[in-house]
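>>> The sequence and its predicted three-dimensional model are supplied below.
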Amino acid sequence: MKGETRLARTAVFMVAAVLLSKVLGMLRDVLVAGAYGTGSDSIAYETASRLPILLFDLIIGGVVAASFIPVFNEIFVKSGKEEAFDYANRYINFLLVLTLGLAALGCVFSSPLIALLAPELAAPTHDLAVMLNRIMFPMVIFMALAYALVGLLQSMGEFRLPAVMSLVSNSIMVLYLLLFNEKFGTVGLAAAMLIGWAAQAIMQMPRAHQFGYRWRPTSLSLTPAIRRSLKMALPILVSTWMQPLCNLINTRFASGIAEGRAITAIGYANRLYVIIVGVFSFVATNLLFPYLSRATARGEHREVERLTGLSLKLLALIILPISIGAAVLAQPIVGMIFERGEFSAADTAMTAAALRCFALGMPFMAFNEVYTKLLFSRQRPKPAMAAAIAGMSVNFLLISPLSRHFGVSGIALASVFAIAVNALINHVCLCRMGTKLLFKRDWTDFAKILLAAAVMAVAAVALYSILPFARWISTCMAVIVGAVVYLFLLIFLREHEMRELIEHLRHR
């Protein structure tokens, strides 16, 4: 009971920390949108900042934590702390050498890489993007170090520091935009982003040291543990390509819509989409993964199924109403957040069109995070790889006809179909492995949640349409009333998790 209470408190802290971080991230985007709108400087910065993140995600990003945590926990359980830390040290050194090479290549080949990512940019915009990209590319080194340290700390039971590290980088960006942006412009903004990623890595080092980890130079010899990680690396890597490859394809097609302004519209909409769904799926999967890995190493299969089912139900309870609400209120939400300064009403309409479609993919994205983490914890990444390849193929096949007929909405819809296919295949694979993800009662609860969310959406839209106040007041009131309607309906329909929560509060 004490363990579950501690886990619940950690989850609440992580939700609060990640939510605050996302709010700061949204404030950063609001400030960038107000300063640059969807003009050439904004297009150059958006393209340049996306490239190192995309290449990191495509080459090593998803491997860092996903291949580290299961192997580290297995060594920790079977061989002890000293052996596990030796593995961690060799793993981190391997990453540092790899990312140093990647950063050097990225800086040298910035121009052709920018041309590949956004081939229809005007020449001045392309040149500015190349310069900004060379400033930001070294951040892949700090990304790798930060993610590796996250894996180490979470495996040792430290979830709070990794949850707040994004607060530091977002705070650096916000302070730059408020205090120095007028003087240094996008060049300084690119430097602030690099400093923010360096801060995320550096702030975790003292806590890792407290646990007993000591960095030291080592040879790059392939120990059995490193070989096992590398053997898992390729299928894990491919299975995590879904989001970055979709972003790459989306950027290429968006560069030809509205003179490239669609790049920033898709970027803002995608970040809102990731912010909204990421708060809860991040907490659920990052809190879940080390426990799944350790339970798998001990052979506790019923505990694995219990944790997975609970995560799916709680994600549905939170994500489904947010998904439907974001879809029906996309226009006022985007306008309330971004429409000021250089960000015009036309920019709002374009961004809202993308967000409206992206929102439909939120439940699939959240569930897929749980499915892939479960497969990784079992050291079975190949089914996740096959599912990701199928999803990417769907995106590749659909984006051209959909973008041609529906513009930015079509680009977003192609991504939604892709993540839906990815999640469905992972679900089927886990069921065929004998994993009991959901029971009959769970499907009944899903139906109740969906009904409550649909009624909530109707109530929110109806209220927004009749309120005579300013847009931000009407939007906030519609969201609050919609949330109240949703909670009331869950209580009335006697949804299982809501009943347990009420009983727990009564008991307390």
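Everything's here; your move. If you're wondering where the values come from, they're calculated on a predicted model, not measured in any experiment. Residues are numbered from 1 along each chain as shown.

>>> need the contact list for the nearest residue to Asn426 once chain neighbours are set aside.
Excluding its sequence neighbours, the residue lying closest to Asn426 (CB to CB, 6 or more residues apart in numbering) is Tyr371, at 3.8 Å. C-beta here means a position set from N, CA and C on the backbone, and glycine is covered the same way. Tyr371 is in contact with Ala384, Ala423, Asn426, His427, Leu430, counting by CB atoms under 8 Å, 6 or more residues apart in numbering.

>>> which residues does Gly34 contact?
Shown in contact with Gly34 (CB under 8 Å, 6+ apart): Phe338, Arg340, Gly341, Glu342, Phe343.

>>> The last one: what's it in contact with?
Residues near Phe343 by CB under 8 Å, 6+ apart: Ala33, Gly34, Gly37, Thr38.

>>> That one in helix, strand or coil?
Taking DSSP: H, G, I helix; E, B strand; the rest coil as the rule, one finds Phe343 in the coil state.

>>> Model confidence for it, exactly?
As summarised for this prediction, Phe343 has a pLDDT of 81.

>>> still on that earlier bit, and the residue nearest to Asn426, how close does it get to Ser67?
For Tyr371, the distance to Ser67 equals 17 Å [CB to CB, to the nearest Å].

>>> what's the nearest residue to Leu145 once chain neighbours are set aside in contact with, if anything?
Among residues not flanking Leu145 along the chain, Ala201 sits closest, at 4.2 Å (CB to CB, 6+ apart). Ala201 makes contact with Phe142, Met143, Leu145, Ala146, Leu149, according to CB under 8 Å, 6+ apart.

>>> Name only those of those that count as buried.
Neighbour counting with 16 or more other CB atoms under 10 Å marks Phe142, Met143, Leu145, Ala146, Leu149 as buried within those.

>>> now, which of those sits nearest Ser111?
Top of the list for closeness to Ser111, among these and by CB to CB, is Met143 at 22.3 Å.

>>> so which strand or helix has the closest one?
Using DSSP states H and E, Met143 maps to helix 139-155.

>>> hmm, who's touching whatever helix or strand comes next after that helix?
For helix 139-155, the following helix or strand on the C-terminal side (DSSP H and E) is helix 160-179. The contact list for helix 160-179 (CB under 8 Å, 6+ apart) reads 10, 13-14, 17-18, 20-21, 24-25, 27-28, 31-32, 35, 146, 149-150, 153-154, 184, 188-189, 192-193, 195-197, 199-200, 203-204, 207, 283, 286.

>>> Grab the nearest non-local neighbour of Val71.
Once its chain neighbours are removed from consideration, Val71 has its nearest residue in Ser229; the separation is 5.2 Å (CB to CB, 6+ apart).

>>> count of neighbours near that neighbour?
24 (other CB atoms under 10 Å).

>>> For it, give me its contacts.
Under the criterion of CB under 8 Å, 6+ apart, the neighbours of Ser229 are Val63, Ser67, Phe68, Val71, Tyr91.

>>> packing partners for the helix or strand containing the fourth one?
Which is Val71. Secondary structure assigned from DSSP H and E places Val71 in helix 62-79. Under the contact criterion of 3 or more CB pairs under 8 Å, 6 or more residues apart in numbering; DSSP states H and E, helix 62-79 touches helix 81-108, helix 139-155, helix 224-239, helix 261-297, helix 362-377.

>>> pull the CA atoms of it into PDB?
Coordinates of each C-alpha in helix 62-79 appear next as PDB, following Å, rounded to 0.1, in the frame of the first residue of the first chain:
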ATOM      1  CA  GLY A  62      14.600   6.100 -29.600                       C
ATOM      2  CA  VAL A  63      17.300   3.700 -28.800                       C
ATOM      3  CA  VAL A  64      18.900   5.600 -25.900                       C
ATOM      4  CA  ALA A  65      16.300   4.900 -23.200                       C
ATOM      5  CA  ALA A  66      14.500   2.000 -24.800                       C
ATOM      6  CA  SER A  67      17.500  -0.300 -25.200                       C
ATOM      7  CA  PHE A  68      19.300   1.000 -22.000                       C
ATOM      8  CA  ILE A  69      16.600   0.500 -19.400                       C
ATOM      9  CA  PRO A  70      15.700  -3.200 -19.900                       C
ATOM     10  CA  VAL A  71      19.400  -4.300 -20.100                       C
ATOM     11  CA  PHE A  72      20.400  -2.100 -17.200                       C
ATOM     12  CA  ASN A  73      17.600  -3.400 -15.000                       C
ATOM     13  CA  GLU A  74      18.300  -7.000 -16.000                       C
ATOM     14  CA  ILE A  75      22.000  -6.600 -15.000                       C
ATOM     15  CA  PHE A  76      21.000  -4.800 -11.800                       C
ATOM     16  CA  VAL A  77      18.700  -7.600 -10.800                       C
ATOM     17  CA  LYS A  78      21.000 -10.500 -11.700                       C
ATOM     18  CA  SER A  79      24.500  -9.100 -11.200                       C
END
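
>>> Averaged pLDDT, it. What do you get?
Throughout helix 62-79, pLDDT has a mean value of 76.

>>> tell me the angle of that helix relative to helix 81-108?
Computed by axes from the mean of the first three to the mean of the last three CA atoms, to 10 degrees, the angle separating helix 62-79 from helix 81-108 equals 170 degrees.

>>> Leu245 reaches Asn395, doesn't it?
Yes. If you go by CB atoms under 8 Å, Leu245 and Asn395 touch, sitting 7.4 Å apart.

>>> more neighbours, these two?
Neighbours were counted for Leu245 and for Asn395 using other CB under 10 Å; Asn395 has more, 23 against 20.
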